[in-house]
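**Student:** Got a sequence here, can you build the structure:
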Amino acid sequence: MALIGLRNFYYATMTTEDTATTAATYGTPKRIVGINSIDINPTVNKATLYGDDSALATASSLGEIEVTLDIADLPIEDLAALLGHTISDGVMVSKGSDSAPYVAIMFESEKHNGEIRYVKLLKGKFSESQETINTRGDSIEYQVPQITGTFVSRTNDSAWKHTRDTTNTSVATAWYASVDM
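**Tutor:** Residues are numbered from 1 along each chain as shown. Purely as a prediction, here's the structure:
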């Protein structure tokens, strides 16, 4: 499955956290224009049981999922929402006591066969990231904001990701309307 491009990045804040008996709820998804790249790196813990000089069984479990976003322009209102900071008179106020909310993220990519792959990551928190800002030299080099988060499975249903492939373009409206399917 070869993917071509990346577009339509949305996030939605989890308004009610999921528990063993209650499903998560989310606010209205908000679009951030200019997604450049998304790196999704799941940690898979594996173990193999050996006996009689050979492998007898193997098991694996999903750990945390590291997600890194490169965005052409990350408005401070969205950065504040993702990191749990506040905005006061147009200024983002970052405090050591701030706590990032859980969010879901959504995006799409075209597949080589003409289908669109829609993806939702369902529960994660973003954290402060390293910033590197360089002076302008002989040539222009864009420096895009980067933000990193850690995603996990939801408690209520163990889901961490929803993926859909389709050529039906009307799916996009419903896909981005809410986190729940």
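**Student:** Buried ones in the lowest-mean-pLDDT helix or strand in the chain, by neighbour count?
**Tutor:** Every helix and strand of the chain was ranked by mean pLDDT, DSSP states H and E. The lowest is helix 171-177, at a mean of 90. Using 16 or more other CB atoms under 10 Å as the burial criterion, the residues of helix 171-177 that qualify are 175-176. Where C-beta positions appear, they are placed from N, C-alpha and C, glycine not excepted.
**Student:** again, but for stretch 60-75
**Tutor:** Those would be 65, 67, 69-71, 74, for stretch 60-75 by 16+ other CB under 10 Å.
**Student:** What pLDDT is listed against the residue nearest to the spatial centre of the chain?
**Tutor:** Note on the chain: the residue nearest the mean C-alpha position is residue 105, at 4.4 Å, using CA atoms, centre = their mean. Looking at residue 105, its pLDDT stands at 98.
**Student:** Kindly confirm my reading that it is in a strand.
**Tutor:** Yes: with DSSP: H, G, I helix; E, B strand; the rest coil as the criterion, residue 105 is located in a strand.
**Student:** what sits against it?
**Tutor:** 9-11, 67, 69, 120-121, 124 (CB atoms under 8 Å, 6 or more residues apart in numbering).
**Student:** possible to save those residues as a markdown table with pLDDT?
**Tutor:** Below are the contacts of residue 105 laid out as a markdown table (pLDDT from 0 to 100):
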| residue | pLDDT |
| --- | --- |
| 9 | 97 |
| 10 | 97 |
| 11 | 98 |
| 67 | 97 |
| 69 | 95 |
| 120 | 97 |
| 121 | 97 |
| 124 | 97 |
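**Student:** List buried members of those residues by neighbour count.
**Tutor:** Buried among the contacts of residue 105 (16+ other CB under 10 Å): 9-11, 67, 69, 120-121, 124.
**Student:** need the residues you listed in a markdown table with distance to residue 163 and secondary structure, can you?
**Tutor:** Below are the buried ones among the contacts of residue 105 laid out as a markdown table (distance: CB to CB, whole Å; DSSP: H, G, I helix; E, B strand; the rest coil):
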| residue | distance to residue 163 | secondary structure |
| --- | --- | --- |
| 9 | 16 | strand |
| 10 | 15 | strand |
| 11 | 17 | strand |
| 67 | 15 | strand |
| 69 | 18 | strand |
| 120 | 8 | strand |
| 121 | 10 | strand |
| 124 | 16 | strand |
